[in-house]
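Chemist: structure of the sequence below:
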Amino acid sequence: MLSRFLFLVPLAIVAVSAVAQAGSYAAPCTPSCCGVQYVPRTVYKPQWVVQTQRVMTTQYAYEQRPVTQTVYRHVPETTQVERRATVMVPQTRTKSVAVTVHRPVTREVEREYQVQVPVRTQQEREYTVMVPVVETRQGVRHVAQCVEEEVPQTVCRDEGHWEVQKVAAACCTVRRPRLRRVSHVAACCATPQMVEQKVWVPNLVEEELMVTVQRQEIVEEPYEYQVTVYRPETRTKTVDVHEMRTEVRKVTCHVTEYQPVQEERQVCYTEYVPQEKRWVENVTHYRQVAEQITRMVTVCVPKQVEHEVPVRVRHMVPHTVHVPVRTVACVRPHCR
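Modeler: Predicted coordinates:
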């Protein structure tokens, strides 16, 4: 909080120096009253200084302390207890039981049965077969033939001839030494040269000629061909026929039948009889016994420790500076 108001100290010093300067204007001490005079002034500048301060800090130390606790221990105690119980004791007994038994009885019985006996006979049967027959038939077919025919045709024939004619030669393009091309071509083309050249003179003549050509014609031509035709034919044959005939036959067989018969049998069975039983049993009970025990516990104890800490502090340091002051007309001849 103090550091916020430190910047006001230079302003107060400047205000005091201004009042003192006003007094100097009213009562100059020097006989010369005009010109510039340097007056010493005191200003304060901030300066950082490292100082040592004592600070209290908390430190923790581990200590071993005894702690007393109550511990419960289980002590076994055994007692004898008489037990009673009703148990089912198995006993084997015998009794007579009437049972029905089926006895086998065998007798002879005559029975009839039917059998299928195969019988073989011969019978005549008709059947149809397809007999191939070759027939000759006539038909008409189309045949292509070539026929020669003369047709008029116009032919163009060249009956020209060769002639020798004079033609102008082309301008020379050979570059002469130490001459430009444009001037050389102009000089060469100024005097054209005539050259003899062999030229073909055409003479086209049209002529009509008779030309023999081959023309194809389709002609109908009769011919004979053979065809195989299948015709049905009925025939007779003897076949074997197998038939099954039913016959009744007799057979004697033995039949076993079971007849019920009443009998008495001795049967053993088990019966459970209730019986009281006593016995002595050891029963263990646990009793809790309290004990006091002491053990060492590690605790963390805080302690206040004072130590020195370097702190940066800002101080206002006075400095003397010379300030130029312009003087005015003197009012008093001497200083008070």
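
Chemist: what segments of the stretch 1-150 of the chain are strands?
Modeler: 35-158 (DSSP state E, counting those that start in this stretch).

Chemist: quick one, phi psi at P202?
Modeler: Note on P202: its backbone torsions stand at phi -80, psi 150 [degrees, to the nearest 10].

Chemist: V164 against V201, yeah?
Modeler: No. Between V164 and V201 there is no contact, the gap being 10.8 Å when judged by CB atoms under 8 Å. All C-beta spots, glycine's among them, are computed from the backbone N, C-alpha and C.

Chemist: number of nearby residues for the residue lying closest to E112 once chain neighbours are set aside?
Modeler: Take E112 and drop its neighbours on the chain: the residue closest to it by CB to CB, 6 or more residues apart in numbering is K250, 5.3 Å away. For K250, the count of nearby residues is 8 (other CB atoms under 10 Å).

Chemist: repeat that for V325.
Modeler: Under the criterion other CB under 10 Å, the count of neighbours that V325 has is 14.

Chemist: next: R125.
Modeler: Per other CB under 10 Å, the neighbour tally for R125 reads 10.

Chemist: skip the chain neighbours and tell me the closest residue to the residue nearest to the spatial centre of the chain.
Modeler: Relative to the mean C-alpha position of the chain, the nearest C-alpha, by CA atoms, centre = their mean, is the one of C300, at 57.9 Å. Nearest non-adjacent residue to C300, counting by CB to CB, 6+ apart: Y60, 5.0 Å away.

Chemist: does the one you found touch V305 like I think?
Modeler: No. No contact is recorded between Y60 and V305 when judged using CB under 8 Å, the distance being 10.6 Å.

Chemist: walk me through the domains of the protein.
Modeler: Domains of the chain are assigned by automatic domain parsing as 102-160+199-281, 161-198.

Chemist: make JSON lines out of those domains and add distance to A290 and mean pLDDT.
Modeler: As requested, the domains of the chain are arranged in JSON lines below (distance: least, CB to CB, whole Å; pLDDT from 0 to 100):
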{"stretch": "domain 102-160+199-281", "distance to A290": "30", "mean pLDDT": "88"}
{"stretch": "domain 161-198", "distance to A290": "140", "mean pLDDT": "64"}
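
Chemist: dump those domains to JSON lines, plus distance to Y44.
Modeler: Shown next, in JSON lines, are these (distance: least, CB to CB, whole Å):
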{"stretch": "domain 102-160+199-281", "distance to Y44": "105"}
{"stretch": "domain 161-198", "distance to Y44": "99"}
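
Chemist: and of these, who's closest to I293?
Modeler: Nearest of the domains of the chain to I293, taken as CB to CB: domain 102-160+199-281 at 36.2 Å.

Chemist: which residues does stretch 216-226 contact?
Modeler: By CB atoms under 8 Å, 6 or more residues apart in numbering, the list of residues contacting stretch 216-226 from outside reads 134-147.

Chemist: with stretch 250-257 instead?
Modeler: Where contact means CB under 8 Å, 6+ apart, the residues beyond stretch 250-257 that reach it are 104-113.

Chemist: which of these sits closest to T284?
Modeler: Comparing the contacts of stretch 250-257 against T284 with CB to CB picks out P104 as the nearest, at 70.0 Å.

Chemist: direction included, what does the helix or strand that contains T294 pair against?
Modeler: Assigned by DSSP states H and E, T294 falls within strand 204-327. The partner list of strand 204-327 in its sheet, established with DSSP bridges, is strand 35-158 (antiparallel).

Chemist: contacts only, for the closest residue to T68 other than its chain neighbours.
Modeler: Excluding the flanking residues, the one nearest T68 by CB to CB, 6+ apart is T294, at 5.0 Å. By CB under 8 Å, 6+ apart, T294 lies in contact with 66-69.

Chemist: any chance of those in TSV, with neighbour count too?
Modeler: Putting the contacts of T294 into TSV (neighbours: other CB atoms under 10 Å) gives the following:
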residue	neighbour count
P66	8
V67	10
T68	8
Q69	10
